[in-house]
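Novice: My questions concern the predicted model and sequence given below.
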Amino acid sequence: MASPYLLALDLGTSSIGYVAFSLDENEIPTGILDLGVRIFPDGREPKTKEPLAVGRRKARGIRRTRDRGQNRVRRLVQELIEFGLLPEDDKKRKAIFDDICPYEARANAVNGMVSKEMLGRAIFHLGRRRGFKSNRLAGDEEESDYKSKISDLRDTLGSQTLGEYLFARLQENHALANNKTPIQQKVIRFRNGETDFYADRDMYKEEFERIREKQGNQLLDGTQWDALQETVFWQYPLKPVPKGKCRFYPSESRAHIDLPISHEFRIYQEVNALRYESKGKQYE
C-alpha cells in the first residue's frame, strides 16, 4: 500500500509549482517527497497577447470557405455539362472560356437570345463572382464600409444589370488602350481596398432573373433553371447555437435571457451581491 502524501499546487498562467509532502498516520506533514515547477507557453502571441487558437480558427475558416466554394463550382460545371450548355471535354470547355468574354456574355444574355455556350459562360461567371453577403448577426466597421460602397454602386447602375455595367467599363478600357490614352483604366474586378464600389449578392440574383426571363425555356426548362439558381447562390446557413443546460437544474435547458423570469433572477443576483456600510457597520 502506498504511503499517504499531500500534494500542494501553485497554479500560474504559464507555470505550475508543486510540493509533495509525506504524511504520518495522523495526516500531518513530516517531510518533502518532491518539489519543482513546470513552465509552459501560455498559449498566446508574445507581442499581441492574442490566443493562438484565434489564428488557427481563422485559418480553418478560410480553408472551409475555399473548399465549399470549389465544391460549389464543380457542381455548377457538372450541371452546365448535364444541361448541354458546356461540353464535357476539358479542352473544348477551356477553349470556350478563353474565347468568350464573360462580361460580354452576361451583357448579351440580358438583351437578346444567345448560344448555349455563351449562356453557359455567363452562368458560370455568375457562379464564380456572386457578390457580397454576410451571415453576421451584427455588422462591424468593415461591413458598414461594404454596405456604403454597395449603395453607391446601386445608385450608379440604375436600370442596368451589373454585367452590362462592367462590360461597358471593359469596353472603355479597350478604347483607351487602342487610343494609347494615358489615363488609368477602370477597375472591373471587385477587390476590397482597391475599388470605391462593391457588389452584393442581390445584384447578381437580379441579373440571373433578367437572364432567365430573356432566354426563357428555349435552352433550359424551369426545373433546370431552378437547379442552376440554387447552385449559383447556395450558401451554408448559420448553425443554431444551443442554449446549454441550467447550472441549478442540469436536466433542463437555460431560460431565454429576454424572459421576465431571467430579468428577475439577475436583479435578485445583483442585489444579493451588494454590500452596504454605515458608521463602521456592514450589511450584506
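Specialist: Yep, that arrived.

Novice: can you give me the helices in the stretch 101-250 of the chain?
Specialist: Residue ranges of the helices in the stretch 101-250 of the chain, as given by DSSP state H, counting those that start in this stretch, are 102-109, 116-128, 141-157, 162-179, 201-215, 222-233.

Novice: Tell me which of these lies nearest to residue 258.
Specialist: Taking CB to CB as the criterion, helix 141-157 is the member of the helices of the stretch 101-250 of the chain that comes nearest to residue 258, at 24.8 Å. To be clear about C-beta, it is placed using only N, CA and C from the backbone, and glycine gets the same treatment.

Novice: Give me the buried stretch members for the closest one, please.
Specialist: The neighbour-count check on helix 141-157 (16 or more other CB atoms under 10 Å) flags 146, 149, 150, 153, 157 as buried.

Novice: what about the stretch 51-200 of the chain, any weak spots by pLDDT?
Specialist: Within the stretch 51-200 of the chain, the ranges that satisfy pLDDT under 70 run 135-143, 180-186, 192-194.

Novice: Could you check the pLDDT of the nearest residue to residue 253 once chain neighbours are set aside?
Specialist: By the measure of CB to CB, 6 or more residues apart in numbering, the closest residue to residue 253 outside its immediate chain neighbours is residue 243, 5.0 Å from it. pLDDT, residue 243: 79.

Novice: what's residue 243 sitting at in phi/psi?
Specialist: phi -70, psi -30 (degrees, to the nearest 10).

Novice: give the contact list for it.
Specialist: Counting by CB atoms under 8 Å, 6 or more residues apart in numbering, residue 243 touches 253, 254, 256.

Novice: now with 10 Å?
Specialist: Remark: with contacts taken as CB atoms under 10 Å, 6 or more residues apart in numbering, residue 243 is in contact with 253, 254, 255, 256, 257.

Novice: Residue 212 too?
Specialist: Neighbouring residues of residue 212 by CB under 10 Å, 6+ apart: 109, 110, 123, 220, 222, 225, 226, 228, 229.

Novice: how near is it to residue 220?
Specialist: Between residue 212 and residue 220 the distance, using CB to CB, to the nearest Å, works out to 8 Å.

Novice: what touches both of the two?
Specialist: Taking CB under 10 Å, 6+ apart as the contact rule, residue 212 and residue 220 both touch 123, 226, 228.

Novice: who's in contact with residue 114?
Specialist: Listed by CB under 10 Å, 6+ apart, the contact partners of residue 114 are 100, 104-106, 108, 120-122, 211, 214-215, 218-219.

Novice: ok, of those, which come out buried?
Specialist: Of the members of those, the ones counted as buried by neighbours, 16+ other CB under 10 Å, are 100, 104, 105, 106, 108, 120, 121, 122, 211, 215, 219.

Novice: and the residues you listed as TSV, adding distance to residue 64?
Specialist: Written out in TSV, the entries for those read as follows (distance: CB to CB, whole Å):
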residue	distance to residue 64
100	32
104	34
105	30
106	29
108	36
120	28
121	28
122	28
211	30
215	34
219	34
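
Novice: Out of the helices of the stretch 101-250 of the chain, the one nearest residue 276 is which?
Specialist: So among these, helix 141-157 is nearest, using CB to CB, at 42.6 Å.

Novice: all strands of this structure, in order?
Specialist: 5-11, 15-23, 29-39, 276-278, 281-283 (DSSP state E).
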